[in-house]
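**Student:** next one to model:
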Amino acid sequence: MPTVKQAIQAAPVRGSLAAVLSWRTLVLAGVLGLAFALVWPSVRVYLDQRAEIADLAAERDAARTEVDDLDAQLARWNDSAFVVAQARERLAYVFPGETPYRVVDPEFARPVAEGSLDAVRAGDTVIDDEPWYDTMWASIAEAGAEPKAPMRPPTSPLQAPQTDVQPSAAPIELGG
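**Tutor:** Below is the predicted model of the structure:
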């Protein structure tokens, strides 16, 4: 009978990469990587859809709140006392026999341009009885005429040209 010699193999060194990575470990890592690659897209889509559902629920709640506010406003407008109060406040309507007063803060009063509709309302301008086209033609002729006062050149490039015409005091409108 033949004698069998035992082959002695050297044991792998503990802590080495070869000892840790056996073929079973590599197969297990490959299976786990494949499972992650297959499952992750579905998980990501699920999480994205959950976030979108939460955004849509918040948008729905905001729209529901706005509808409730608009319904409350509509209910207020169905009340005749509210309509009367709004007409008095917004449109300055008064009942027959009442005298309306408007108090204007002088800080907010603005000057009235001569010939404007506000000046006519204030009584500062007399309306001519000539037709509108005659007034327009006179305005065009006046705009195309030679300037009455000579223009002085500006002293700096950023300064606008000035005329020798003295500014006139414009009437001030005290109402809106």
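**Student:** tell me where the chain has helices.
**Tutor:** 17-20, 23-77, 80-91, 117-122, 132-144 (DSSP state H).
**Student:** how far off centre is the longest one?
**Tutor:** In terms of CA atoms, centre = their mean, to the nearest Å, the centre of helix 23-77 is set 28 Å apart from its chain centre.
**Student:** just want the angle from it to helix 80-91.
**Tutor:** If you take axes from the mean of the first three to the mean of the last three CA atoms, to 10 degrees, helix 23-77 sits at 90 degrees to helix 80-91.
**Student:** quick one: average pLDDT of helix 23-77?
**Tutor:** Helix 23-77 shows a mean pLDDT of 95.
**Student:** next: the last one.
**Tutor:** Confidence over helix 132-144, taken as the mean pLDDT, stands at 88.
**Student:** elements contacting that helix?
**Tutor:** On a contact count with 3 or more CB pairs under 8 Å, 6 or more residues apart in numbering; DSSP states H and E, helix 132-144 meets no helix or strand. For glycine as for every other residue, the C-beta is placed from the backbone atoms N, C-alpha and C.
**Student:** list the buried residues in that helix.
**Tutor:** Residues of helix 132-144 classed as buried by neighbour count (16 or more other CB atoms under 10 Å): none.
**Student:** give me the number of residues near Val112?
**Tutor:** Neighbours of Val112 under the rule other CB atoms under 10 Å: 20.
**Student:** what does the pLDDT read for it?
**Tutor:** For Val112, the predicted pLDDT is 71.
**Student:** circling back to that earlier point, so which of the helices of the chain is the most packed in?
**Tutor:** Stretch with highest mean neighbour count among the helices of the chain: helix 117-122 (a mean of 14; mean count of other CB atoms under 10 Å).
**Student:** how far out from the middle of the chain is that helix?
**Tutor:** With CA atoms, centre = their mean, you get 36 Å for helix 117-122.
**Student:** in CSV, list the C-alpha atoms belonging to it.
**Tutor:** Extracted in CSV, the C-alpha atoms of helix 117-122 (Å, rounded to 0.1, in the frame of the first residue of the first chain):
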residue,chain,number,x,y,z
LEU,A,117,-59.9,118.9,-13.9
ASP,A,118,-59.0,119.2,-10.2
ALA,A,119,-58.5,123.0,-10.7
VAL,A,120,-61.9,123.2,-12.4
ARG,A,121,-63.5,121.4,-9.5
ALA,A,122,-61.8,123.7,-7.0
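**Student:** now do it: which elements does it pack against?
**Tutor:** Going by 3+ CB pairs under 8 Å, 6+ apart, helix 117-122 lies up against strand 172-173.
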